[in-house]
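Asks: Okay, predicted coordinates and the sequence, questions at the end:
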Amino acid sequence: MQLFLKLFGPYLQWVYHCFDRIVINGHLVGLLRENQVVYFFQKVCGHAKITKEILRQRTQDYQQWVKSYAHNHKLPMEWAQKKERKEDKVRPQMERQLKAGHYGVYFIIQSMEQGWTFKVILPKYAAQDPNYQILKKVRSRYTHYYFYIIDEVVGPMSLRVASFLPFTVTAYLNGHNYIARALERQGIKYVKDDNRFVSTADPDKLQGAANDLSAEIIQERIDYWALIVSPKFSPKERESMGGLHRLYCIEQVEYCRNFIFKRSWPIRSIFQRSCELGLYLLTADRVTALFGGRRMRRILGKLQNVFERTDHGMHVFRTYWRNSFLKQYEKASTFLRMELVSNNVKDFKLKKSLKHWEPMRQKFQEVTDRFAQVQAQHLNVHGQLDILARLAKPVIQGKTKVSGIKLENTRVLRLLEVLMQGASGHLRQWTTASLRKTILEDYGLKDKDYTLNQIRYDLRKLKLHGLIERIPKTYAYRLTTPGQKQAILLIQLRKRVYGPIAFGVLRRRPDAEHCPDSAFERAYQKVEKAIDEVIQLMAA
């Protein structure tokens, strides 16, 4: 992390790290296993024989309660549609609730999904007890309810409740929503776009709010809403089953480091190049070390690097390891994110219980810090800047279109060469007349070969492209600092690269055995040989 800040600190506005998406499962401790369910119905509820009808009655009672709850609170309740994201469906309603400052449940979606439940099976052979039944825990497809909530503490969240025993609850939260609520309570202004902060009045307070997200806060808010929207149990049932409290386990978690740059450069120019380097520099041993694992011959899950482009044009670099992966992507023109996604925290030798939240935070910070260290080296490369294409584009000034600067334009390059040769001497500052006189003398040209109007047009072209500037309160001009670099690049490309290579490829190729001992000549021969190989491959 320190290396990244050292290399790109001058280009950064600010940096923050936090939890992003959080998925937590809540299980009723007293109804997890088959023997517990048998005890509950026989000893607590007084049903001697457990049948499908008894299990179904609990489901029907809860489904009827959900319909009454939606009706009494005037909540929209709809079925999930295929190929439609639930978050997109409820977003308009959520934005209206946030704007009005309302809290609570604002939408309910029903969905048929896979989940754990209990199945009654008739015994294969007759038993002495006529009430004997086999109860087996299986996965089945049944109705789940998604309660979309705006909480006062953690902000927008959702709670998925299974309508069949054991009534598993799944909470979906986002660390950015919690940070936003914390900043609002402190009166700190911020700008938030989706799940990223664009700006804030106090970055330190924002990072402090991110660090304050704890297991106690998460469990308190889930318990609060689970008590309201999940199936109800009588006081007698709760007392007999030891309270029927929920055990919360981490199903999926994302931890991200976010870098907000001052401008789109250098993200756009170097991000793709760094991903290309990462594809072959991050070998299996390095990826394993990056995640803090041990080198093994076989691992469960994935071990690979992927560079992909999503539908909306955003490039994403992913490094997979077991059931987790690290990804890096540009979320906006000035926003770079490095994110760790874990679908099984046991890969990091961590326990899934919510009680182990802080060890998980520390471990994820270490992994993302190592990833930032490696990616800093990959980002510290030469980017892609097509200066020739940029200079070749015409520039519009008012209603006039001025042509660009191209390598084949001999007149402009001749002008640049004279300016560069005299930049440290008599042509450090010059007027149009004095410059034209120098060009005519150096190249032995006549007055009609390079008229005053022609040089004025060429100088106007250089000025519009930012290569030269007028000295204030004078009629003299000078080369700008970027203009000097671009002029050197154009001249050397033509005289030292394109010209000699084109001569050797198209006109006459010097004999390699009798060439002078020159590094330039050896380099030209290598390029010519490479061009010949490419032509042979294309012909094949």
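Replies: The structure has been received and is ready for your questions. Here the structure is a predicted model, which means the values were calculated and not measured.
Asks: Please identify which helix or strand holds the spatially closest residue to F164 that is not a sequence neighbour.
Replies: Nearest non-adjacent residue to F164, counting by Cβ to Cβ, 6 or more residues apart in numbering: T117, 4.0 Å away. Every C-beta, even on glycine, is put in place using the N, C-alpha and C of the backbone. T117 belongs to strand 104-121 when assigned by DSSP states H and E.
Asks: Quick check: mean pLDDT of whichever helix or strand comes after that strand?
Replies: Using DSSP H and E, the next helix or strand after strand 104-121 towards the C-terminus is strand 134-151. When pLDDT is averaged along strand 134-151, the result is 95.
Asks: quick one, domains of the protein?
Replies: By the assignment in automatic domain parsing, the chain contains the domains 387-508, 509-540.
Asks: could I get these as a markdown table with distance to Q328?
Replies: Formatted as a markdown table, those follow (distance: least, Cβ to Cβ, whole Å):
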| stretch | distance to Q328 |
| --- | --- |
| domain 387-508 | 27 |
| domain 509-540 | 32 |
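Asks: give the contact list for the residue most central in space within the chain.
Replies: Centroid-nearest residue in the chain, with Cα atoms, centre = their mean: Y329, separated by 3.8 Å. Listed by Cβ atoms under 8 Å, 6 or more residues apart in numbering, the contact set of Y329 reads M314, H315, V316, F317, L336, R337, E339.
Asks: And the residues you listed, which is closest to K99?
Replies: The closest of the contacts of Y329 to K99 turns out to be R337 (Cβ to Cβ; 27.1 Å).
Asks: The strand or helix carrying the closest one packs against which elements?
Replies: Using DSSP H and E, R337 falls within strand 335-342. Using 3 or more Cβ pairs under 8 Å, 6 or more residues apart in numbering; DSSP states H and E as the contact test, the elements touching strand 335-342 are strand 196-200, strand 246-261, helix 267-281, strand 324-332, helix 357-379.
Asks: about what we covered before: starting from the strand holding T117, tell me which strands it pairs with and how they run.
Replies: The sheet places strand 104-121 alongside strand 77-79 (parallel), strand 134-151 (antiparallel), with pairing taken from DSSP bridges.
Asks: what about that strand, distance to the chain center?
Replies: 31 Å (Cα atoms, centre = their mean, to the nearest Å).
Asks: ok, back up a step: nearest residue to the residue nearest to the centre of the chain other than its sequence neighbours?
Replies: Once flanking residues are discounted, Y329 sits nearest to V316: 4.3 Å by Cβ to Cβ, 6+ apart.
Asks: burial count for the nearest residue to Q110 once chain neighbours are set aside?
Replies: Distances taken as Cβ to Cβ, 6+ apart place W79 nearest to Q110, at 5.0 Å, with adjacent residues excluded. For W79, the neighbour count with other Cβ atoms under 10 Å is 9.
Asks: Go through the strands paired with strand 104-121 and pick out the most buried.
Replies: Ranked by mean neighbour count under mean count of other Cβ atoms under 10 Å, the strands paired with strand 104-121 are led by strand 134-151, which reaches a mean of 17.
Asks: just how off-centre is it within its chain?
Replies: In this view, strand 134-151 has its centroid 31 Å away from the chain centroid, taken as Cα atoms, centre = their mean.
Asks: Output the contacting helices and strands for the helix or strand following it.
Replies: Sequence order places strand 155-162 as the next helix or strand after strand 134-151, per DSSP H and E. Packing partners of strand 155-162 (3+ Cβ pairs under 8 Å, 6+ apart): helix 86-100, strand 104-121, strand 134-151, strand 169-174, helix 175-186, helix 215-229.
Asks: among those, which is nearest R33?
Replies: Set against R33 and scored by Cβ to Cβ, the helices and strands packed on strand 155-162 come closest in strand 134-151, at 7.3 Å.
Asks: Alpha carbons of that closest one, in PDB - could you do that?
Replies: Taking C-alpha atoms only, strand 134-151 is exported to PDB below (Å, rounded to 0.1, in the frame of the first residue of the first chain):
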ATOM      1  CA  ILE A 134     -38.700 -40.200   9.400                       C
ATOM      2  CA  LEU A 135     -37.800 -36.500   9.200                       C
ATOM      3  CA  LYS A 136     -35.000 -35.700   6.800                       C
ATOM      4  CA  LYS A 137     -33.300 -32.300   6.100                       C
ATOM      5  CA  VAL A 138     -33.200 -31.700   2.300                       C
ATOM      6  CA  ARG A 139     -32.800 -28.900  -0.200                       C
ATOM      7  CA  SER A 140     -36.000 -28.000  -2.000                       C
ATOM      8  CA  ARG A 141     -37.400 -25.200  -4.100                       C
ATOM      9  CA  TYR A 142     -40.000 -23.000  -2.300                       C
ATOM     10  CA  THR A 143     -41.100 -19.400  -1.800                       C
ATOM     11  CA  HIS A 144     -38.700 -16.900  -0.200                       C
ATOM     12  CA  TYR A 145     -39.600 -13.300   0.700                       C
ATOM     13  CA  TYR A 146     -37.300 -10.400   0.100                       C
ATOM     14  CA  PHE A 147     -38.000  -7.500   2.500                       C
ATOM     15  CA  TYR A 148     -36.400  -4.300   1.300                       C
ATOM     16  CA  ILE A 149     -35.600  -2.000   4.200                       C
ATOM     17  CA  ILE A 150     -34.200   1.400   4.900                       C
ATOM     18  CA  ASP A 151     -32.600   1.200   8.300                       C
END
